[in-house]
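Asker: When you get a sec, could you give me coordinates for this:
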Amino acid sequence: MAETVLLTGVSGFIAKHVAVKFLNAGYDVRGTVRRLDRGEEVRAAVTPHLGDKAGTLGFVQADLESNAGWADAVAGVSAVIHTASPFPIAQPKDPSVLIRPAVEGTERVLNAAAAAGVERIVLTSSTVAVLNESKPDALQDESDWCDVTLPTTTPYAKSKTLAEKAAWDLAKAKGLKLTTINPGLVLGPPLDEHYGSSLGLVERLLKGKDPMLPGFGFPTVDVRDVAEMHLRALQRPGTAGKRYLSAAGTLAMVEMGRILKATYPTRRIATREAPAFLIRLLSLFDPQIKAILPKIGHLEHVSNARAVKEMEMEFIAPKAALLASADWLVKHGKAWA
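Answerer: The predicted model follows:
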């Protein structure tokens, strides 16, 4: 009889790819959705990518902000893959809008797992929970943590950092075997048109929304590699108790623009870097621009050495991940100005 894993937030961009990986590896997947009618949407996206020996996909209703449904969700599963977390299109004025559901939701899921005797947890965190702004341009690794006390730390970064720390605290208190996967900017092809804000940056570049681009860059990774790391984390007991950065390399915004422009030469895609003084000026009027001010002039770098060594990951190149995103968006009519 196949093992069943609980996959929270199964309708998400990353989670649908995670579902495909686990199903094709022979696991049965029980996915949580806030509304059961989302289940058939997920099934339609996932099914075309499944092999003949795939496990079965089922759904259960559960919300990170409510206790209802979680006991049933974890009943009889061998592991929990916790991907569900609020992801903002824009940074909220009130940080608690993101922080509270992220932290309390993580605690709710892990407490339910512990109460049901489920020890094995794989949690989707982020590189933002690793990157410390006091070390700009430095190569950072799993031993680093975001400093949530800095005034420049975004609400999203605080939510991911505090949620991951809450998970580690609970794992220690409850004896859970926790692994976290910390992806950078997740690129690559979605499985359907419900991909949230994950590919918003690529859409924006393709639509030529900006005449120039800010001078910073961040770690990137293909969604297919992120999903593979979740599977390998569960299948390798030695990953328990560890964080794993999921990134193939760093892409600067200007580099992204130039790659896309070379592939789509007729589009009005920005390829020039905006002067820092202009970004500072615009930040006086735009809070979203103000949020990126600390990053201007810096490239964020993280090490994927642990994932390469312990999970034997061979990452898809950042350029290939970017172009896979763009190709999907263009073919599906999502990138017209």
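Asker: Tell me which helix or strand residue 260 sits in.
Answerer: Residue 260 belongs to helix 253-263 when elements are defined using DSSP states H and E.
Asker: residues in contact with that helix?
Answerer: Contacts made with helix 253-263 from outside it, assessed by C-beta atoms under 8 Å, 6 or more residues apart in numbering, are listed as 201-202, 205-206, 213-217, 267, 269-273, 319, 322-323, 326. In short, each C-beta sits where N, CA and C put it, glycine included.
Asker: chain center to whichever helix or strand comes after it: distance?
Answerer: Tracing the chain C-terminally past helix 253-263 and defining elements by DSSP H and E, one meets helix 276-283 next. Distance of helix 276-283 from the chain centroid (C-alpha atoms, centre = their mean, to the nearest Å) equals 29 Å.
Asker: List the neighbours of helix 276-283 that are in contact with it.
Answerer: By C-beta under 8 Å, 6+ apart, helix 276-283 touches 212, 214-215, 289-290, 292-293, 296-297.
Asker: and the next helix or strand after that helix, which residues are buried?
Answerer: Beyond helix 276-283 on the C-terminal side, the first helix or strand identified by DSSP H and E is helix 287-292. When neighbours are counted by 16 or more other C-beta atoms under 10 Å, the buried residues of helix 287-292 are found to be 289-292.
Asker: ok, now stretch 134-143?
Answerer: Residues 136, 140, 142 are the ones in stretch 134-143 that count as buried (16+ other C-beta under 10 Å).
Asker: Any figure for the gap between the nearest residue to the second one once chain neighbours are set aside and residue 220?
Answerer: With sequence-adjacent residues excluded and distances taken as C-beta to C-beta, 6 or more residues apart in numbering, residue 140 is closest to residue 302, at 5.2 Å. Counting by C-beta to C-beta, to the nearest Å, the gap between residue 302 and residue 220 amounts to 10 Å.
Asker: same check, this time on residue 311
Answerer: The spacing between residue 311 and residue 220, counted by C-beta to C-beta, is 18 Å.
Asker: And those two? Which one has more around it.
Answerer: When neighbours are counted by other C-beta atoms under 10 Å, residue 311 and residue 220 differ, and residue 220 comes out ahead with 27 against 21.
Asker: Who does the strand or helix carrying that one pair with, and is each partner parallel or antiparallel?
Answerer: Under the assignment given by DSSP H and E, the secondary-structure element containing residue 220 is strand 216-222. Each strand that pairs with strand 216-222, with its direction, by DSSP bridges: strand 185-187 (parallel), strand 249-252 (antiparallel), strand 298-299 (parallel).
Asker: Buried residues, the longest one. List them.
Answerer: For strand 249-252, a neighbour-count test (16+ other C-beta under 10 Å) marks 249-252 as buried.
Asker: Out of those, which is nearest to residue 160?
Answerer: Closest approach to residue 160 among the buried residues of strand 249-252 (C-beta to C-beta): residue 250, at 18.7 Å.
Asker: Residue 329 sits in which helix or strand?
Answerer: Taking DSSP H and E as the criterion, the element that holds residue 329 is helix 318-331.
Asker: Excluding its own residues, what touches that helix? List them.
Answerer: Contacts to helix 318-331, defined as C-beta under 8 Å, 6+ apart, come from residues 187-190, 199, 202-203, 206, 220-223, 248-251, 256, 259-260, 263-264, 316, 334-335.
Asker: now for the lowest-mean-pLDDT helix or strand in the chain, which elements pack on it?
Answerer: For the chain, counting by mean pLDDT, DSSP states H and E, helix 287-292 ranks last in confidence among helices and strands (a mean of 75). Other helices and strands packing on helix 287-292, by 3 or more C-beta pairs under 8 Å, 6 or more residues apart in numbering; DSSP states H and E, are helix 276-283.
Asker: mean confidence score for the helix it packs on?
Answerer: Mean pLDDT, computed over helix 276-283, is 86.
Asker: Give me the angle between it and strand 216-222.
Answerer: For helix 276-283 against strand 216-222, the angle by axes from the mean of the first three to the mean of the last three C-alpha atoms, to 10 degrees is 80 degrees.
Asker: Might you list the low-confidence residue ranges for the stretch 51-200 of the chain?
Answerer: Under the criterion pLDDT under 70, the flagged ranges of the stretch 51-200 of the chain are 86-93.
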